[in-house]
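Peer 1: got a sequence here, can you build the structure:
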Amino acid sequence: MKTKNFCILGLILFFALVLAQVAAAVDFDEDISDEDKDAFDEILEPVMKIYNLVKYAATILAVVVLLFAGVSYMISGSNPGKRENAKNMVAYVVIGLIVIWAAPLVVNFIVG
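Peer 2: All right, here's what the predicted structure looks like:
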């Protein structure tokens, strides 16, 4: 068991070192041409469509889970375990929605 963990840790370290060298080799001061920007936008368009589909599907699923958590909270009676479970469910759904909806804003802030 220990050797397996060390092997996995070693692989992660190896790939981190390799990726650091690749990232260091990139020239970030080079201007991007309009043709490259158009090609990138063309590639990014289907990715954004898939992201939007996942985002809205997750939002609809979150509404259903929030309704379920609300009903669970209301019918829990005096059982503190069920109440705590419903509260945790709501918290996780809200955190998940914040992550899903804020991801493009964070990426634009970092890139832009």
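Peer 1: mind checking the SS state of the residue lying farthest from the centre of the chain?
Peer 2: In the chain, Ser78 marks the outermost C-alpha relative to the chain mean, sitting 35.9 Å out by C-alpha atoms, centre = their mean. Of the three states, Ser78 takes coil under DSSP: H, G, I helix; E, B strand; the rest coil.
Peer 1: just the helices from the chain, written as ranges.
Peer 2: 2-25, 34-74, 80-111 (DSSP state H).
Peer 1: grab the CA positions of the least confident helix or strand in the chain by mean pLDDT and hand them over as CSV.
Peer 2: Between all helices and strands in the chain, the lowest mean by mean pLDDT, DSSP states H and E belongs to helix 2-25, at a mean of 73. Below are the C-alpha coordinates for helix 2-25, written out as CSV (Å, rounded to 0.1, in the frame of the first residue of the first chain):
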residue,chain,number,x,y,z
LYS,A,2,2.8,2.4,0.9
THR,A,3,4.8,1.7,-2.2
LYS,A,4,1.7,2.3,-4.4
ASN,A,5,1.2,5.7,-2.7
PHE,A,6,4.9,6.6,-3.3
CYS,A,7,4.6,5.5,-6.9
ILE,A,8,1.6,7.8,-7.4
LEU,A,9,3.3,10.6,-5.6
GLY,A,10,6.4,10.1,-7.8
LEU,A,11,4.4,10.2,-11.0
ILE,A,12,2.6,13.4,-9.9
LEU,A,13,6.0,15.0,-9.1
PHE,A,14,7.5,13.9,-12.4
PHE,A,15,4.6,15.3,-14.4
ALA,A,16,4.7,18.5,-12.4
LEU,A,17,8.3,19.0,-13.2
VAL,A,18,7.8,18.2,-16.9
LEU,A,19,4.9,20.6,-17.2
ALA,A,20,6.9,23.3,-15.4
GLN,A,21,9.6,23.0,-18.1
VAL,A,22,7.0,23.2,-20.8
ALA,A,23,5.3,26.3,-19.3
ALA,A,24,8.7,27.9,-18.8
ALA,A,25,9.5,27.5,-22.5
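Peer 1: nice, that's everything, thank you.
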